[in-house]
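Enquirer: My questions concern the predicted model and sequence given below.
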Amino acid sequence: MSEDREDRLREHPRERFAPSERIIDLHEVFDQLAEESHEPVDGHRQMTIDREGPLTLIAFHFEQDATLPNHVVDGAVEIQVLEGSMSVDTEDRGFNLEAFQMLTLDPGVPHSLRANEESRVLVTVFLGS
């Protein structure tokens, strides 16, 4: 499958991330996610909103009770709840995050997420050493 598909949901990252200076309006990003016509996966939609070297920022719009199944990331992870509330489970404990709370995870920590209500979440992944 070609990276230059005409049926893309959004502009190719090559164009989205091309300018050396970018303003990202999070209200617009989350409104776009909520309004996308495709069905959500496990009750959520996501969009990479910035990527530079080892740093990636991802916006998630979760419907109530939506999940992100248990997974492992090779880099450090920051989960910031901007709106709503989320449950995050690791092997060692569970966390309930409310709006304006953030959880940081070391590289390699298995975790899963569940939205306690409709939620907007910003995830930062740092794949550097």
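Expert: Received, thanks.
Enquirer: to the chain's geometric centre, what's the distance from the helix ranked longest in the chain?
Expert: Secondary structure of the chain per DSSP state H: the longest helix is helix 26-35. Helix 26-35 has its C-alpha centroid displaced from the chain centroid by 12 Å (Cα atoms, centre = their mean, to the nearest Å).
Enquirer: swap in stretch 88-98?
Expert: Worked out by Cα atoms, centre = their mean, stretch 88-98 lies 17 Å from the chain centre.
Enquirer: how long is it end to end?
Expert: 11 Å (Cα to Cα, to the nearest Å).
Enquirer: you'd agree Ile79 is up against Arg120?
Expert: No - counting by Cβ atoms under 8 Å, Ile79 does not reach Arg120; the two are 11.9 Å apart. For glycine as for every other residue, the C-beta is placed from the backbone atoms N, C-alpha and C.
Enquirer: Check which residues of stretch 101-120 are buried.
Expert: Buried positions in stretch 101-120, judged by neighbour count with 16 or more other Cβ atoms under 10 Å: Leu103, Leu105, His111, Leu113, Arg114, Ala115, Asn116, Glu118, Ser119, Arg120.
Enquirer: can you check stretch 21-36 too?
Expert: Buried residues in stretch 21-36 (16+ other Cβ under 10 Å): Val29, Phe30, Gln32, Leu33.
Enquirer: quick check: mean pLDDT across stretch 94-113?
Expert: Mean pLDDT, stretch 94-113: 97.
Enquirer: so how far is that stretch from its chain's centroid?
Expert: Here stretch 94-113 is found 12 Å from its chain centre; the criterion is Cα atoms, centre = their mean.
Enquirer: Can you check the distance spanned by it, start to finish?
Expert: 10 Å.
Enquirer: now Ile79, nearest residue through space, not along the chain?
Expert: Nearest residue to Ile79, sequence neighbours excluded (Cβ to Cβ, 6 or more residues apart in numbering): Leu103, at 4.7 Å.
Enquirer: Now do the SS call for the one you found.
Expert: Here Leu103 is strand, with the state taken from DSSP: H, G, I helix; E, B strand; the rest coil.
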